[in-house]
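Asks: no FASTA, just this:
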């Protein structure tokens, strides 16, 4: 794999502490099984965290940073074919394992997905800064901001300034 730009702002633990996925990411039933030792993953990333932040059975929007429900259901993601058999929970599971040092055949695809969502030219990163410019409100579109958080990205003033400079060049 060539070196791809991949630099999420948040670690998996920081994401969980901010309430990503309504606290139920690893609590939903998955469509296939994996040989992953989830306890090892939980101990590595979430030691001493309340398990209800990642093992809940129901989505709790009030624990999300933006207090809204954001994201599609697990079955939607599965039906789209976005789950790898080794990471049946999806991108966040892949990211947890990646930060633990695992190298995997799915790395390039997952990094490209991250880039297209919130990388330097990611469509949702661009979309939020367009909305911020339109409204002059850094808190606009909490659903988009929560979705960006699912990918380890937080809206911030530095990136907003970069965006403004990029549109002012023309």
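Replies: In hand now; what should we look at? Just so it is clear, the model here is predicted, and its values are computed rather than measured. Numbering: from 1, shown residues only.

Asks: Distance of residue 16 relative to residue 115?
Replies: Using C-beta to C-beta, to the nearest Å, we find residue 16 at a distance of 22 Å from residue 115. Just so you know, the C-beta spots here come from the backbone N, C-alpha and C atoms, and that holds for glycine as well.

Asks: Show me which of those two is the more surrounded one.
Replies: Using other C-beta atoms under 10 Å, the more surrounded residue of residue 16 and residue 115 is residue 16, with 23 against 18.

Asks: my guess is the more buried one contacts residue 46, does it?
Replies: Yes. In this structure, residue 16 is within contact of residue 46 by C-beta atoms under 8 Å, at 6.1 Å.

Asks: Quick check: neighbours shared by these two?
Replies: 53, 54 (C-beta atoms under 8 Å, 6 or more residues apart in numbering).

Asks: So residue 132 versus residue 164, what's the distance?
Replies: 9 Å.

Asks: So which of these two has more stuff around it?
Replies: The neighbour comparison of residue 132 against residue 164 (other C-beta under 10 Å) goes to residue 132, with 20 against 12.
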